[in-house]
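[1] My questions are about this predicted structure, shown below with the sequence.
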Amino acid sequence: MKILIGLCGGILCGLFFGEYARGVGVIGDVFVGLLQMTVLPYIVASLIANIGRLSLEQSRKLLLVGGSLLAFFLALGCVTLLVIPLSFPELPSAAFFSRSTIDTREPLDLVGLFVPTNPFQSLASGTIPAIVLFSIAVGIGLIPLKNKTEVIRMLDTVTDALVQVNKVAINFTPVGVFGITASAAGTMTFEEIGRLEAYLLSYTVAAVVLTFFILPGIVAALTPFKFRDVFRVSKDTLLLIFVTGKIILVMPQMIENVKELFRTRTTLDADGKFPEADIIVPLIYPFPNLGTFVIFMFIPFTAWFVGNPMDASNYPVFLGATLLVSFVAPVIGIPFLLDLLKLPNDMFHLFVVSSVYTDRVRVVLGGMHVFVFAVLAVAAFHGLLRIYWNRAVGYAVGSLALAAISAFGVHAFLGKTLEGSYTKDRVIVGMQLLERPAESGVLAAAGPNPEPLKPGENLVDRVRRRGVLRFGYDLQRIPFCFPNSRGEIVGYDVELIHRFAETLQVGLEFVPVSRATLSEQAAADHFDVAGCGFTLTSARAANFALSQPYLDLHAALVVPDHRRHDFASAAELSREAALTIGVAAEEESAELLREWMPRANIVRLGNAKDFFSGAHSGIDALFTSAEAGSAMTLLYPNYAVVTPAEWKIASPAVLLLSRTDAVTQQFLNSWLLLRQKNGVTGRLYDHWILGKTAERHTPRWSVVQNVLGWLK
């Protein structure tokens, strides 16, 4: 009740104060830290003690029976984690440029991840799979020792002490939930809340199917007991687990449930005590259960949530790590997996908030898992475990059908409810200049400067004499130069030239230029400076006076979303003769592409829009920069930017002067250098390339602002 009060209070606080409630999140951070503090030491001590207390005879039998059953249930959990992402609909998704697009990830150290070569280093770095393997190995090492009693007693004392510390932390759960919920409710967008629905619904449906059909069906298929017998003896215990939220509190009752099931259906034990249940239930409790295992679906959900769904190459590492991470509490395992798979760590707070609900579902599924595991293990000890083919086939077909119906039903429901939630296209076309622009005008057509250069006059002198700087622009160069939804010319280079005009204290005149006629327009004196993401080439160096580079652009391919993995390796692409690559860049860029993909068919495009509109059919990918390509995918979210692993191609962006003018060139270079040193170009990069301030921030709806009119 206190947790529910904290949850409701946090929601109300977030709705009332809106983004002013963000600071309350520090309470949640402290609470999560207190919870995580005891988990790893507890797992180490608990696993070593519970495995080490076994006798050799018990260990042999349990190793065969328990190990086989544990492997079976973990395999079932892995299949579930593979099926659940099918329920996430394919939604349009794209993002501004990120360094991760071009950075090569270091290969994953699988040996260091799973093999505890230095257990202390694994503990210090929180490498959970290695810690679990170390604890299991030490526990097995204790089994044959005769003088292990004192060690196990000491470990039991340590675990008891850690439990007491954890209880103190748990006492603060209502306060922690309040802090996390208030911060989330005050800052989460309605789109994010809608997408969280996908996680809650998918996990709930998966847990219900496993708890009330698949697990009881396994008992009916492999033992003499019937489907209804499982619920008849376990329903009260499952209800109590749901109410208390703890499996360990009902463990004595669960042991009695297992014995009751065997007493009512068999006469194998004359006394009806079935002592195996007393050993098995406490022993399997520290091991992973399906409730905890399936909760790690939050990882593929997070990948989908942030617009980068996991692909087949990610799943071996994800499932392998999850098999061992599931030995620990999700509060430790989820952050580890988020970091392992390079997903946003701040999503963990979303997991904590949702766990107020999912924990109740998780423990019920976990309780059914422990009960079914114990029933199967006791049945194996008494020779009752065999396949009842008629039941097994029926339940197998029913399980597959129910899983398919559930996955595709949730997929269809979420696809309908989340339809139209993509807004990034409106974000980029709604972008505006960061600072007040210089006075400017736009020429409908290019033409010579009405004030020709006087003898001995440089470009800067003429600009100051006339009071106007002529800037040659190309509107097809998003995010460097493009029209926004208001019809204004905006972009990185546009804002840069506004700042340059401000320094000269002159106005701006935008003159349309074309890449194909740039040299002729320069010779005809159509512009003073031209820009819009033009890269340095040897041809330009020969024909123009150039500024120093102010930005590096990185070569990449834009491809349809469903084909992004076909372009992951440049080595494979270089051997592919059937590919057709579109190029809407300089000829020299096309030559560079031929070095990397000598067998590909390269087609020149008038502009990038021809690729997306399908004006040229049969083109597999567009060659461009990762920075420009990322901006394009915001408008065309069914496409993705790919940088093949071996590509390390960077081209510097420069401004072009219409005349070979050493004075103006030096002035422009000095001005660019100063703007780099005082952070101006960095702010423009964050805004136009990374999109950090792209969305005009409007405070989240709140009672304090939108109803009461306070704190405006």
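    Yep, that arrived.
[2] Tell me where the model's unsure across the stretch 251-400 of the chain.
    251, 265-275, 278-279, 282-283, 286 (pLDDT under 70).
[3] let's go with 90 and repeat that
    Residues of the stretch 251-400 of the chain meeting the criterion pLDDT under 90: 251-288, 292, 302-317, 320-361, 363, 377-385.
[4] Enumerate the positions of stretch 416-429 that are buried.
    Within stretch 416-429, the residues that count as buried by 16 or more other CB atoms under 10 Å are 418, 422, 424, 428, 429. (Glycine included, C-beta is placed from N, CA and C.)
[5] what are the phi and psi values for the first one?
    Main-chain torsions, residue 418, degrees, to the nearest 10: phi -100, psi 0.
[6] Quick check: it vs residue 599, distance?
    41 Å (CB to CB, to the nearest Å).
[7] got the buried residues of stretch 416-429 as TSV, with pLDDT, secondary structure and distance to residue 383 columns?
    Shown next, in TSV, are the buried residues of stretch 416-429 (pLDDT from 0 to 100; DSSP: H, G, I helix; E, B strand; the rest coil; distance: CB to CB, whole Å):
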residue	pLDDT	secondary structure	distance to residue 383
418	75	coil	52
422	71	coil	59
424	79	helix	62
428	89	helix	68
429	89	helix	71
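[8] Which of the residues you listed sits closest to residue 27?
    Using CB to CB, residue 418 comes nearest to residue 27 of the buried residues of stretch 416-429, at 31.3 Å.
[9] The closest one against residue 90, yeah?
    No: counting by CB atoms under 8 Å, residue 418 does not reach residue 90; the two are 10.4 Å apart.
[10] and residue 630, how many neighbours?
    26 (other CB atoms under 10 Å).
[11] no no, residue 466
    Using other CB under 10 Å, residue 466 has 16 neighbouring residues.
[12] Now for it: which residues touch it?
    Taking CB atoms under 8 Å, 6 or more residues apart in numbering, we find residue 466 in contact with 451, 506.
[13] what's downstream of the lowest-mean-pLDDT helix or strand in the chain, the next helix or strand?
    When the helices and strands of the chain are scored by mean pLDDT, DSSP states H and E, helix 110-114 comes last with a mean of 67. Going down the chain from helix 110-114, the next helix or strand is helix 119-125, by DSSP states H and E.
[14] Buried ones in the next helix or strand after that next one, by neighbour count?
    Reading on from helix 119-125 to the C-terminus, the next helix or strand found by DSSP H and E is helix 128-142. Using 16+ other CB under 10 Å as the burial criterion, the residues of helix 128-142 that qualify are 128, 129, 130, 131, 132, 133, 134, 135, 136, 138, 139, 142.
[15] could you give the angle of the helix or strand following helix 128-142 to helix 128-142?
    Next helix or strand after helix 128-142 toward the C-terminus (DSSP H and E): helix 149-170. With axes from the mean of the first three to the mean of the last three CA atoms, to 10 degrees applied, the angle from helix 149-170 to helix 128-142 works out at 150 degrees.
[16] The helix or strand that helix 149-170 is followed by to helix 149-170, inter-axis angle?
    Following helix 149-170 in sequence order, the next helix or strand is helix 173-187 (DSSP H and E). For helix 173-187 against helix 149-170, the angle by the same axes, to 10 degrees is 50 degrees.
[17] tell me which residues of whichever helix or strand comes after helix 173-187 are tucked away?
    Toward the C-terminal end, the helix or strand that comes next after helix 173-187 (DSSP H and E) is helix 190-209. By 16+ other CB under 10 Å, the buried positions in helix 190-209 come out as 195, 196, 198, 199, 202, 203, 205, 206, 207, 209.
[18] what sits against the nearest residue to residue 327 once chain neighbours are set aside?
    Of all residues beyond its chain neighbours, the one nearest residue 327 is residue 132 (4.4 Å), with distances taken as CB to CB, 6 or more residues apart in numbering. Residues counted as contacts of residue 132 (CB under 8 Å, 6+ apart) are 43, 47, 324, 325, 327, 328.
[19] can you rerun that using 7 Å?
    43, 324, 327 (CB atoms under 7 Å, 6 or more residues apart in numbering).
[20] I'd like to know how far it sits from residue 569.
    For residue 132 relative to residue 569 (CB to CB), the value is 34 Å.
[21] repeat for residue 164
    54 Å.
[22] what does stretch 36-48 rub up against?
    123, 131-132, 135-136, 138-139, 142, 155, 158-159, 162, 165-166, 286, 327-329, 331-332.
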